[in-house]
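Chemist: missing the sequence, but the structure's below:
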């Protein structure tokens, strides 16, 4: 089977590696010839608005998927008319690209979120702040990830600076949630309607970038896992969804508030490569190609640490018991995800002992 993937980042790279044992060959479309995925699989280089390049990319493909949200919806629609299948559906991509639209989408399905308001003018910002109060988060509706496109307003004096910094783009103002922890649910639905869910993962961010994931998330009541799965099922049904879906939640006072959703494989699911019976990458490929889904049962306990801006010496990582190293062959830049390591063990205590060593290495 020949599968096309829009985007050639590290998520695509790990997807390609998961596809080879299944007899699947992946072709990527990316703006740069040095993309991580292009180092392990065929890659067509071009602009996402170039219909001729997209047409070349689509030749001979059985289906197309994507590994990041910022693919123009026009490119998705163009390809969906030229290949037998496009998954997840273009509508899911359009919703995921815009923070306001997907907050409104959550609300339409009865999935609770933080208070939110569209902001298109300074006057709307002033009015919305009367409702949210302080602190509040002003965010760009599009193109924000890894902490980009956000401004925390602590009080009235921040309004001018926030508007000066961000007022030239469509915005959304969100009430600040004093959460106890951040959780994510990685789930998957196949083209035959089969669904599967990984255990909730606890995520730790710094400067808006994911640094650490713990799976399964410690001490999550069964009803919280069940509720998160119910919310994912609502999205599946509404969108006739096929593929991996990740919903990021705030957990506060026993409640789940949906923050964002990613209609693709997700950084907080990297632990599944070694830590689950079937990785999120393999299950995504199984789902979109109509194969039976694999078990999402965890193999004990896992911790995943991202390497941001620098990579420790590989031998230092691999010397830690239970460590598995993944490097993306990307040039170092501040704030850039260059790789990750996963720790796996049958006990949380062993994970904790090794995690301290790994996190120290990650501050290289």
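Modeler: Perfect, I can see it now. This is a predicted model, so every value here is computed, not measured.

Chemist: separation between the spatially most central residue of the chain and residue 121?
Modeler: Central residue of the chain (Cα atoms, centre = their mean): residue 266, 3.3 Å from the mean position. Counting by Cβ to Cβ, to the nearest Å, the gap between residue 266 and residue 121 amounts to 34 Å. No exception for glycine: its C-beta is placed from N, CA and C like everyone else's.

Chemist: so what's the residue nearest to the centre of the chain up against?
Modeler: Residue 266 is in contact with 11, 184, 186, 244, 246, 280, counting by Cβ atoms under 8 Å, 6 or more residues apart in numbering.

Chemist: quick one: residue 125 and residue 173 touch, right?
Modeler: Yes. With contacts counted by Cβ atoms under 8 Å, residue 125 reaches residue 173, the gap being 6.5 Å.

Chemist: ok, those two, which is more surrounded?
Modeler: Between residue 125 and residue 173, residue 173 has the larger neighbour count (other Cβ atoms under 10 Å), namely 24 against 21.

Chemist: in which helix or strand would I find the more buried one?
Modeler: Assigned by DSSP states H and E, residue 173 belongs to strand 171-175.

Chemist: So for the helix or strand following that strand, what gets flagged as buried?
Modeler: With elements assigned by DSSP H and E, the helix or strand that comes after strand 171-175 is strand 181-189. Buried positions in strand 181-189, judged by neighbour count with 16 or more other Cβ atoms under 10 Å: 181-189.

Chemist: Stretch 104-121 too?
Modeler: In terms of neighbour count (16+ other Cβ under 10 Å), stretch 104-121 has its buried residues at 105-106, 111, 113-119.

Chemist: What distance separates the opening and closing residues of it?
Modeler: Distance between the two ends of stretch 104-121: 19 Å, counting by Cα to Cα, to the nearest Å.

Chemist: For it, which outside residues touch it?
Modeler: Residues from elsewhere that reach stretch 104-121, judged by Cβ under 8 Å, 6+ apart: 95, 100, 103, 124-125, 127-128, 131-132, 138, 170-177, 231, 234-235, 238, 250, 255-259, 261.

Chemist: of the residues you listed, buried ones?
Modeler: Here, 16+ other Cβ under 10 Å leaves 95, 100, 103, 125, 128, 132, 138, 171-177, 231, 234-235, 250, 256-259, 261 buried among the contacts of stretch 104-121.

Chemist: sorry, back to before: for the residue nearest to the centre of the chain, give its distance to residue 56.
Modeler: Residue 266 is 29 Å from residue 56, where distance means Cβ to Cβ.

Chemist: what does residue 115 give?
Modeler: 46 Å.

Chemist: do the same with residue 45
Modeler: In terms of Cβ to Cβ, residue 45 sits 10 Å off from residue 56.

Chemist: Give me the pLDDT for residue 147.
Modeler: Predicted confidence (pLDDT) for residue 147: 61.

Chemist: same thing with residue 246?
Modeler: Residue 246 is assigned a pLDDT of 98 by the prediction.

Chemist: just checking, it is part of a strand?
Modeler: Yes. Residue 246: assigned to a strand according to DSSP: H, G, I helix; E, B strand; the rest coil.
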